[in-house]
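A.B. asks: based on what follows, work out the 3D shape:
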Amino acid sequence: MSLSENERWILSFYRTSEINGSLFFGRLAKSLPPGPVQHDMTKHFSDEGLHAWYWTSCLEKLGTEPLRLDETYQERYLVAAGLPVNLMEILAITLIFEKRVIGQYGLHRAAPNIRPEVRETFDLIMEDEKWHIEWVSKALGALKPEYGEERVKQTLERFREADRDVYESVLREHEERLEELMQNRRRRRSGSE
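C.D. replies: Coordinates of the predicted model:
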């Protein structure tokens, strides 16, 4: 069975977001001074680029090509949350975003009737996503003495709130395309209550 246009759009959306993540973290890795954060940021942007290639390959295996999508999730994020102004804020917004990504990928992966090619792509990517959360959490924790624990906590809450707003707006805007995933989300929520 061929891929529907909605499925193609969703996988293309993931691909575009991974490309944007790679470009964002690549620029940061280039500008950071040598040290552990630069080291891990360099692997992070490399992972994001590889993830974009995984989605491109997945779409090819499913007999189609990626759609060109101009708007990205990250751009909405920056509009809602504002540009991060220092390394602590960059790591905080990255941590919130990475948690959203792994949650979204996990939700999609658990969808009934998921195609094996898509499930395999999620499996490849989600291992890297776990490491992203791990290294960013550790680096952010190391900055608490410099910025203060309360300020880090408030920053995380500000970005968490922006994340909720952006995610809900994307779900509303693309409701038709995401209907199957939203049904799965509702089933999960009702099962956990």
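
A.B. asks: would you mark the buried spots in the helix or strand harbouring Ile10?
C.D. replies: Assignment of secondary structure by DSSP states H and E places Ile10 within helix 5-31. Of the residues in helix 5-31, 7-26, 28-29 count as buried by neighbour count, 16 or more other Cβ atoms under 10 Å. Any C-beta I mention is one placed from the backbone N, CA and C, and that applies to glycine too.

A.B. asks: tell me the mean pLDDT for the host helix or strand of Val170?
C.D. replies: Assignment of secondary structure by DSSP H and E places Val170 within helix 149-173. The predicted model gives helix 149-173 an average pLDDT of 92.

A.B. asks: what do you get for stretch 62-71?
C.D. replies: Stretch 62-71 shows a mean pLDDT of 92 in the predicted model.

A.B. asks: put the alpha carbons of that stretch into CSV.
C.D. replies: Once non-C-alpha atoms are left out, stretch 62-71 reads as follows in CSV (Å, rounded to 0.1, in the frame of the first residue of the first chain):
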residue,chain,number,x,y,z
LEU,A,62,8.3,3.8,0.9
GLY,A,63,8.4,4.8,-2.7
THR,A,64,8.3,8.6,-2.5
GLU,A,65,10.4,11.7,-1.9
PRO,A,66,10.3,14.2,0.9
LEU,A,67,8.1,17.2,0.6
ARG,A,68,9.8,20.6,0.8
LEU,A,69,8.4,22.3,3.9
ASP,A,70,9.3,25.9,4.5
GLU,A,71,8.1,26.4,8.1
